[in-house]
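> Below are the sequence and a predicted model for it; my questions follow.
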Amino acid sequence: MSDIYQRALADLGRVFERMDEAAVDAAVDVIARANRIALYGVGREGLQMKGFAMRLFHLGLKAAVVGDMTTPPIGRGDLLVVSAGPGAFSTVLGLMGVARQAGAETLVVTAQPDGEAAARAEHVLVLPAQTMADDSGPATSVLPMGSLYEGAQFVLFEVMILKLRDKLGVSAEAMRANHTNLE
């Protein structure tokens with residue numbers, strides 16, 4: 001394997017060495033008890049959130065991506081999960097305000113625990129990876145800009161799905177049965 005692949009994988013490994021497993025488990029618990037789950041992120045973070053929403057749907061949960069025409073309203077008992085890697089985005093903050101007014105809780109996934117989105121959330125999951133907020137200097141990842149955070153999101157979300165699958169007692173076969181046949 002080329003050295004650059006090894007360096008990228010090592011960067012990802014260092015993220016998960018610093019991951020707070022108790023915080024991951026707490027986020028899994030929050031998701032498991034939610035009635036409806038709406039997910040949102042911008043740019044490449046948004047793509048990872050869409051993948052996470054799909055897997056939550058495969059688990060049989062009521063999950064939707066904010067902005068899709070079929071996204072239901074959220075309120076008490078529901079959860080808005082947002083990604084704000086660098087700490088805040090105006091759309092994320094705005095949606096968090098709407099969720100709060102409707103009585104829903106918010107879970108922020110971020111690399112910046114002291115960021116504005118984390119300060120406004122009921123639940124915070126810190127993913128300690130480089131984003132565009134800190135992508136310069138000698139200790140940066142071989143991966144450009146926020147790619148380390150986005151790649152780590154994929155791994156984190158898949159592990160969270162495994163934890164949720166076990167917690168909820170959903171079989172791999174049941175998940176597969178929820179996969180579309182319209183491909």
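Nice, thanks for sending it over.
> low-confidence ranges in the chain?
Applying pLDDT under 70 to the chain flags the ranges 1.
> Just give me the longest helix of it.
For the chain, the helix with the greatest residue count under DSSP state H is helix 147-168.
> Strands along the chain, start to end?
Listed in chain order, the strands of the chain (DSSP state E) span 36-40, 62-65, 79-83, 105-110, 123-126.
> Kindly reformat those as a markdown table containing mean neighbour count and distance to Ser2.
For every residue, glycine as well, the C-beta is placed using N, CA and C. Shown next, in a markdown table, are the strands of the chain (neighbours: other CB atoms under 10 Å; distance: least, CB to CB, whole Å):
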| stretch | mean neighbour count | distance to Ser2 |
| --- | --- | --- |
| strand 36-40 | 24 | 34 |
| strand 62-65 | 18 | 35 |
| strand 79-83 | 27 | 30 |
| strand 105-110 | 25 | 30 |
| strand 123-126 | 20 | 31 |
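> Including distance to Thr180, could these go into a markdown table?
Compiled in a markdown table, the strands of the chain are given as follows (distance: least, CB to CB, whole Å):
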| stretch | distance to Thr180 |
| --- | --- |
| strand 36-40 | 18 |
| strand 62-65 | 14 |
| strand 79-83 | 22 |
| strand 105-110 | 25 |
| strand 123-126 | 28 |
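> closest to Ala172 out of these?
strand 62-65 (18.1 Å; CB to CB).
> For the closest one, name the packing helices and strands.
If contacts are counted by 3 or more CB pairs under 8 Å, 6 or more residues apart in numbering; DSSP states H and E, strand 62-65 sits against strand 36-40, helix 43-58.
> and it, which strands flank it?
strand 36-40 (parallel) (DSSP bridges).
> Report the inter-axis angle for the strand it pairs with versus strand 105-110.
For strand 36-40 against strand 105-110, the angle by axes from the mean of the first three to the mean of the last three CA atoms, to 10 degrees is 30 degrees.
> Extract the CA atoms of strand 36-40 and return them as PDB.
C-alpha atoms of strand 36-40 as PDB (Å, rounded to 0.1, in the frame of the first residue of the first chain):
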ATOM      1  CA  ARG A  36     -38.700  11.000  14.900                       C
ATOM      2  CA  ILE A  37     -35.100  11.800  13.900                       C
ATOM      3  CA  ALA A  38     -34.300  14.600  11.400                       C
ATOM      4  CA  LEU A  39     -30.700  15.000  10.200                       C
ATOM      5  CA  TYR A  40     -28.900  17.900   8.600                       C
END
